[in-house]
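Q: below are the sequence and a predicted model; questions follow.
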Amino acid sequence: MKYPYPQLNAEMPGKEEVLTLTPNPATRDLLEHMADLKIENLWDRFEKQQPQCGYGLRNLCCRMCQWGPCRITAKARRGICGRDENAIVMANILRALVAGLAAHWRHAHEVILSIIAAAEGRANLPIKGETRVWELVDKLGLNCSRDNLKEAALKVAFVLLEDLGRLTWQPLRLLEAYAPEDRKEIWRRLGVLPRSGAYEVLEALHMTTLGGCTDWKEMAVQELRSALAYCYATLFTSSLATEILFGIPEPKLARVNYGVLKADHVNILLHGHSPVMVEKVLEKLNTPEIKELVHKVGAKGIVVGGMCCTGDELLARYGIPTVTNIMGQELALGTGAVDAVIVDMQCVIPGLKIVADCFGTQIITTCPSNRIPGAVHIPFDPERPETLDKDALQVARLAIEAYARRDRNKIFIPSSTTQALVGWSLEAILERFGGEDKIARLLKEGTIKGLATVVGCNTPKVPYEHSHVTITRKLIEGDILVTTTGCCSHALLNAGLCDPEAANLAGPGLKRVCRELGIPPVLAVGGCVDNTRTLRLFFTVAQATGAPLAQMPLAFVGPEPGNEKTVGQGVSFLTHGISNFIGFPGPLPVPLPSLREEATSIDDLDRGSTEVTDFFAGEDLKELLGAKIFTEPYPELAAQAIKMHIKRQRWSLGWK
């Protein structure tokens with residue numbers, strides 16, 4: 001059954017619709033397998049939550065003090081403190097964005113401190129990304145000897161660390177180094193240049209506490225300022241810092257999907273967002289000691305697979321197969337073949353441990369701020385890295401030893417595997433195309449109509465992965481080249497859209513380009529912090545065409561808003577003049593609540609507007625930034641809207 005939400009002009013799927021529409025046959029097989037075993041997963045819990053709170057869905061519920069919670073209704077137009085609808089909605093959006101900022105801040109902090117520990121000789125970690133180190137030395141104007149890589153990496157790391165936490169006014173160094181000049185001028189005029197990641201989180205929380213700011217327009221300014229801190233102090237920092245440690249990915253063929261698991265092997269999944277600890281675990285899994293242990297427990301070998309963004313990182317660098325994303329993590333354990341999941345930070349849902357206990361899977365946590373009751377905890381602290389090798393070896397041993405406890409009567413591994421060409425760094429894309437001028441020419445002549453990035457989390461409010469795959473198929477049919485990251489990328493990888501053979505699904509122009517270059521029409525560029533690779537691609541190509549970013553045929557597409565981090569992803573692109581196309585009504589924008597409580601169908605309702613929605617989805621923000629937000633929960637209609645936007649952008653430039 002479907003769950004209608006007429007106040008949102010949308011509906012949510014029941015489990016039956018998920019089974020019908022999810023594009024990955026392995027998902028259907030595993031959902032049915034877990035149902036047969038009577039093991040609960042997130043879709044079962046989602047149905048128990050129906051109907052969801054209509055006030056919360058529209059961001060009209062305020063819980064920012066102990067007087068409430070308050071909700072805006074026809075009879076109560078203000079909260080107890082006097083906050084009106086616009087102030088409540090905007091405060092909720094702002095808090096969601098800075099929660100995501102804090103998550104990426106934590107990721108960036110760990111990687112930066114790991115660089116410092118490596119450069120100072122306190123951690124047995126490599127600095128493989130020499131090219132990235134010298135690029136940053138030049139862009140940041142640092143005085144470094146060219147024959148001392150570690151000294152240069154150390155100086156770069158301290159600049160990145162300062163951008164994370166500076167409390168006095170100074171522009172972000174990475175923003176000054178990488179942002180387009182025309183955008184910086186707009187941000188200066190609007191007064192939205194940030195100080196640091198930490199400062200903007202503090203300011204946003206201060207503004208939205210009881211008795212703080214109630215002018216929604218000022219909170220909207222802080223939203224844009226926080227989005228720029230999110231982009232340049234955490235996303236850019238995390239992505240570039242990881243490249244300093246582990247190198248810049250290069251294209252390679254890989255296999256993905258649930259079928260990469262093997263019943264007679266030790267199956268280990270690496271899950272989370274920060275690859276520092278797992279890089280060392282990978283090293284230990286290849287030691288003679290661990291190989292001997294594998295033989296001792298009776299396994300034929302080790303299969304290492306990835307989930308979420310740690311999986312994306314390992315896939316891009318080494319071709320290690322990914323299995324699934326945030327909403328598939330319980331399904332992966334449902335195979336009964338996963339012996340251990342090694343998790344670091346973020347997107348590790350509590351249900352993972354519940355399902356793990358049904359199959360005897362060992363959960364090992366490695367991040368001090370990500371703890372799961374009942375899991376083995378072996379933390380990695382980049383400020384105390386002296387035990388890193390010993391701890392990584394212990395993690396590897398525990399993972400192998402779990403194989404002996406596996407319940408083989410519950411093993412069910414779907415056979416689905418998919419080929420993908422992965423490892424698309426900015427440098428790899430430009431090299432394969434022959435430079436940004438070639439991409440610019442293909443855009444101008446219309447062989448490629450536009451560039452879109454389809455990214456973001458998953459949500460049970462739409463059929464699992466259906467929107468990601470449906471929209472992307474429609475875009476490549478329309479000769480639009482797609483990049484993807486994060487949880488969305490797993491959906492597109494498993495659907496075969498990142499395989500060079502998917503060129504057959506593209507329109508004639510894009511198909512010809514893909515065939516000539518040997519590339520897929522969808523380029524997986526990494527984890528969610530690697531949206532910076534797409535942003536830099538957009539910057540580079542726009543500069544080559546001579547057109548401002550806001551006039552380019554570009555789009556940010558987030559079909560399944562879920563995690564709070566997705567708010568900052570979208571607004572980061574928005575601040576650069578790139579319009580957002582969002583799926584099921586997320587926190588931004590929020591429809592007007594119906595004043596006609598007797599309404600029974602979508603036809604009785606008008607989506608309406610508020611000052612906040614008019615700002616983000618109307619012409620107000622477009623006048624300031626050159627972009628706005630479109631919301632469309634139905635993927636076929638969303639794809640049409642994106643293609644029309646690309647077409648209008650081309651018309652405005654006079655491109656055929």
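A: Structure's in. What do you need?

Q: end to end, how far does stretch 349-363 reach?
A: 12 Å (C-alpha to C-alpha, to the nearest Å).

Q: how about it: buried residues?
A: 351, 352, 353, 354, 355, 356, 358, 359, 360, 361, 362, 363 (16 or more other C-beta atoms under 10 Å). C-beta here means a position set from N, CA and C on the backbone, and glycine is covered the same way.

Q: list the contacts of the closest residue in space to residue 131 that isn't next to it in sequence.
A: Closest residue to residue 131 apart from its sequence neighbours, by C-beta to C-beta, 6 or more residues apart in numbering: residue 248 at 6.3 Å. Residues near residue 248 by C-beta atoms under 8 Å, 6 or more residues apart in numbering: 129, 131, 132, 425, 427, 428.

Q: rewinding a little: which of the buried residues of stretch 349-363 fall within helices?
A: Per DSSP state H, helices hold the following members of the buried residues of stretch 349-363: 351, 352, 353, 354, 355, 356, 358, 359.

Q: what average pLDDT does the helix or strand harbouring residue 468 get?
A: Counting by DSSP states H and E, the element that carries residue 468 is helix 466-477. Averaged over helix 466-477, pLDDT sits at 98.

Q: isn't residue 260 up against residue 417?
A: Yes: applying C-beta atoms under 8 Å, one finds residue 260 in contact with residue 417, separated by 5.9 Å.

Q: of the two, which one has the most company?
A: Each of residue 260 and residue 417 has its neighbours counted (other C-beta atoms under 10 Å); residue 260 has more, 21 against 15.

Q: give me the phi and psi angles of the more buried one.
A: phi -70, psi -20 (degrees, to the nearest 10).

Q: ok, now how distant is it from residue 320?
A: Computed as C-beta to C-beta, to the nearest Å, the residue 260 to residue 320 distance reads 9 Å.

Q: where do the contact lists of the two overlap?
A: Common contacts of residue 260 and residue 320 (C-beta under 8 Å, 6+ apart): residue 305.

Q: in the protein, what helix or strand scores lowest on average pLDDT?
A: helix 611-617 (a mean of 85; mean pLDDT, DSSP states H and E).

Q: which residues touch whichever helix or strand comes after that one?
A: Later in the chain than helix 611-617, the nearest helix or strand by DSSP H and E is helix 619-625. With C-beta under 8 Å, 6+ apart as the test, helix 619-625 has contacts from 186, 190, 224, 550, 574-577, 614-615, 627-629.

Q: do that again at 10 Å, thanks
A: 183, 186-187, 189-190, 192, 217, 220, 224, 549-550, 574-579, 611-612, 614-616, 627-629 (C-beta atoms under 10 Å, 6 or more residues apart in numbering).

Q: can you map out the helices along the stretch 1-150 of the chain?
A: Shown for the stretch 1-150 of the chain, the helices assigned by DSSP state H, counting those that start in this stretch span residues 15-21, 25-36, 42-48, 54-57, 85-119, 130-140, 149-165.

Q: between residue 260 and residue 417, which contacts overlap?
A: residue 321.

Q: contact partners for the spatially most central residue of the chain?
A: Closest residue to the average C-alpha location of the chain: residue 528 at 3.2 Å, with C-alpha atoms, centre = their mean. Taking C-beta under 10 Å, 6+ apart, we find residue 528 in contact with 100, 103-104, 107, 235, 238-239, 273, 308-309, 312, 346-347, 455-457, 485-489, 563, 565-566, 568-569.

Q: now those residues: which count as buried?
A: Using 16+ other C-beta under 10 Å, the buried ones in these are 100, 103-104, 107, 235, 238-239, 273, 308-309, 312, 346-347, 455-457, 485-489, 563, 565-566, 568-569.

Q: before we move on, back to that, in helices only, show me the contacts of residue 528.
A: 100, 103-104, 107, 238-239, 308-309, 312, 486-489, 565-566, 568-569.

Q: okay, now the unreliable bits of this protein?
A: Scanning the chain for pLDDT under 70 picks out 587-609.

Q: hmm, back to that, any idea which of the helices of the stretch 1-150 of the chain is most buried?
A: Using mean count of other C-beta atoms under 10 Å, the stretch among the helices of the stretch 1-150 of the chain with the largest mean neighbour count is helix 85-119, at a mean of 24.

Q: and that one with helix 130-140, angle?
A: Put simply, helix 85-119 runs at 120 degrees to helix 130-140, going by axes from the mean of the first three to the mean of the last three C-alpha atoms, to 10 degrees.

Q: do I have it right that residue 280 meets residue 378?
A: No: using C-beta atoms under 10 Å as the test, residue 280 is too far from residue 378 to be in contact (11.4 Å).

Q: quick one: the helices in the stretch 401-550 of the chain, in order.
A: Under DSSP H, counting those that start in this stretch, the stretch 401-550 of the chain gives helices at 426-433, 436-445, 466-477, 486-494, 508-517, 531-545.

Q: the longest one to helix 436-445, inter-axis angle?
A: By that I understand helix 531-545. Going by the same axes, to 10 degrees, helix 531-545 makes 70 degrees with helix 436-445.

Q: are any of the contacts of helix 619-625 buried, and if so which?
A: Looks like the contacts of helix 619-625 have 183, 186-187, 192, 220, 224, 549-550, 574-579, 611-612, 615-616, 627-629 buried, using 16+ other C-beta under 10 Å.

Q: from those, which land in helices?
A: 183, 186, 187, 220, 224, 574, 575, 611, 612, 615, 616.

Q: for those, which one is nearest residue 153?
A: Lowest distance from residue 153 to those (C-beta to C-beta) belongs to residue 183, with 28.4 Å.

Q: need the contact list for the closest one.
A: 175, 228, 539, 548, 549, 550, 575, 576, 577, 625, 626.
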